[in-house]
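Visitor: Take a look and give me a structure for this.
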Amino acid sequence: MIKNKKYYPWIVVGLLWVVALLNYMDRQILSTMRPTMQVDIVELQSATVFGQLMAIFLWIYGLMSPVSGILADRLNRKWLIVGSLFVWSLVTSLMGFATTYPELMILRGIMGISEAIYIPAGLSLISDFHSDKSRSLAIGIHMTGLYTGQALGGFGATLASSYSWHSTFKLFGLIGVLYALVLMFFLSEAPARTKSSLEKEKPVNSFKAIGMLLSNISFWVILFYFAIPSLPGWATKNWLPTLFSDNLHIPMSQAGPLSTVTIAVSSFLGVIFGGLLSDRWIQKNVKGRIYTSAIGLLLTIPAMFLIGYGQHIFHVVGAGLMFGFGFGMFDANNMPILCQFVPSKFRATAYGIMNMLGVMAGAFITKVLGSSADEGKLGKDFALLAIIVFIVVIIQLVVLKPKSNASLD
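Guide: Prediction:
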């Protein structure tokens, strides 16, 4: 069987790369199709109402993340991933049949629940299939699926203008439903989590597991280290087009694609480089992954100042490339660093908590920078985020002291 082949761990990465792409693509297409949707659903003509539709996903996704992590540590991750993909893809298709704003709200909320289940299960599954020699690269390659899906989501508006927004939702959803059937046959649970191995070990109570995590000072540092960079991370997702438009004095029609491509391409390169560097460094230095991640975040600091204050296209685009590359290096090493401090049976729960805090940080900074934009201080306040990122890098370098370069199992 294919799952017994030596290269199967990389097949798992490839299979889940497509799931990651669909995960971000399906959530992003809504943001691009407001002009066509508001013709049929007039409530969407209000930016506030449309913002609420986008926010309901974010809040439910964030609150559901710890629950998703607990489920992934206790249940078969293959079926969690297959079920999650099937449900959110079905919901995407059903949005093509929606005729009222309340229907869209309900479906968007269900999507938040189903999509939240994937990330903790997917990342912990990849981590269990890969050793310390390839874990960061495997995670990094998987993360490129998220970036690709985010970029492809922008084409929803193109399809909607050529056909209809109804057809676009139906098509994107159908792709995911069909791919869920593919996963049923080719995706497998990691050997360490087979039924026979789980029967030998009594499951840990979920509340006890959370308690054990929260009593670990290293986990608190990792949690803080993950959440703080999420502030500029989400800020670039939601406000970088505006910053490009304001600082370069170009229309949003140009600033949007320019900023999106800049971040997507550089992040893609950053996760691959960060994964390769980390997997080699960890063989020689127990803090190799921590150093790689820190270098990545340090690259984002001058980038944030240039993005916030730059007035020339070379400064702003160059800073965007630097930010994306550095953030990609950071992104590729979050789960691998976690593996050095948290046993396999708790990792999905731990990452679920991290994901929740990161999303909440994103919701917070999006609102704060919205006020900054209204006051004409968007660039300045975005640049100030560099200061707290620098502080958290120093804390991480001083406090985190892994005992071994191997994962904690």
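
Visitor: switch to C-alpha atoms for all contacts and neighbour counts from now on
Guide: Fine.

Visitor: where do the strands sit along the chain?
Guide: For the chain, applying DSSP state E gives no strands.

Visitor: can you list the weak-confidence ranges in it?
Guide: Filtered on pLDDT under 70, the chain yields the residue ranges 1, 3-4, 32, 47, 154, 193-205, 252-253, 405-409.

Visitor: so where do the helices sit in the stretch 51-200 of the chain?
Guide: Per DSSP state H, counting those that start in this stretch, the stretch 51-200 of the chain carries helices over the ranges 77-95, 101-129, 135-152, 156-162, 165-186, 195-200.

Visitor: residues in contact with the third one?
Guide: So the one you mean is helix 135-152. Applying Cα atoms under 8 Å, 6 or more residues apart in numbering, the contact partners of helix 135-152 are 10, 13-14, 16-26, 28, 123, 126-127, 130, 260-261, 264, 267-268, 271-272, 274-276, 278-279, 328, 331-333, 335-336.

Visitor: again, only this time at 7 Å
Guide: 13, 16-18, 20-22, 24-25, 28, 127, 264, 268, 271-272, 275-276, 278-279, 332-333, 336 (Cα atoms under 7 Å, 6 or more residues apart in numbering).

Visitor: again with the fifth one
Guide: Contacting residues not belonging to helix 165-186 are listed as 22, 26, 33, 36-37, 82, 85-86, 89-90, 92-97, 156, 159-160 [Cα under 7 Å, 6+ apart].

Visitor: can I assume residue 245 is in contact with residue 255?
Guide: Yes. The criterion here is Cα atoms under 7 Å, and residue 245 meets it with residue 255 at 5.2 Å.

Visitor: Mind telling me which residue is nearest the centre of this structure?
Guide: Geometric centre of the chain, nearest residue: residue 146, 6.5 Å, by Cα atoms, centre = their mean.

Visitor: follow-up on the earlier one: Serialize the helices of the stretch 51-200 of the chain to a markdown table and add fields for distance to residue 61.
Guide: A markdown table is the format used below for the helices of the stretch 51-200 of the chain (distance: least, Cα to Cα, whole Å):
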| stretch | distance to residue 61 |
| --- | --- |
| helix 77-95 | 12 |
| helix 101-129 | 4 |
| helix 135-152 | 16 |
| helix 156-162 | 22 |
| helix 165-186 | 19 |
| helix 195-200 | 28 |
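
Visitor: Which stretch among the ones you listed approaches residue 346 most closely?
Guide: Set against residue 346 and scored by Cα to Cα, those come closest in helix 101-129, at 9.4 Å.

Visitor: got the angle between that closest one and helix 135-152?
Guide: Helix 101-129 and helix 135-152 are oriented at 160 degrees to each other (axes from the mean of the first three to the mean of the last three Cα atoms, to 10 degrees).

Visitor: How about helix 101-129, which residues are buried there?
Guide: Judged by neighbour count using 16 or more other Cα atoms under 10 Å, the buried positions of helix 101-129 are 101, 104-105, 107-129.

Visitor: Tell me the gap between it and the middle of its chain.
Guide: Centroid separation for helix 101-129 versus its chain: 11 Å, with Cα atoms, centre = their mean, to the nearest Å.

Visitor: Taking helix 77-95 as reference, get the angle to that helix.
Guide: With the same axes, to 10 degrees applied, the angle from helix 101-129 to helix 77-95 works out at 160 degrees.

Visitor: Which elements pack onto helix 101-129?
Guide: helix 8-32, helix 47-74, helix 77-95, helix 344-374 (3 or more Cα pairs under 7 Å, 6 or more residues apart in numbering; DSSP states H and E).

Visitor: Please repeat the previous calculation with a cut-off of 6 Å.
Guide: helix 47-74, helix 77-95, helix 344-374 (3 or more Cα pairs under 6 Å, 6 or more residues apart in numbering; DSSP states H and E).

Visitor: Distance from the chain centre to stretch 20-39, please.
Guide: 16 Å.
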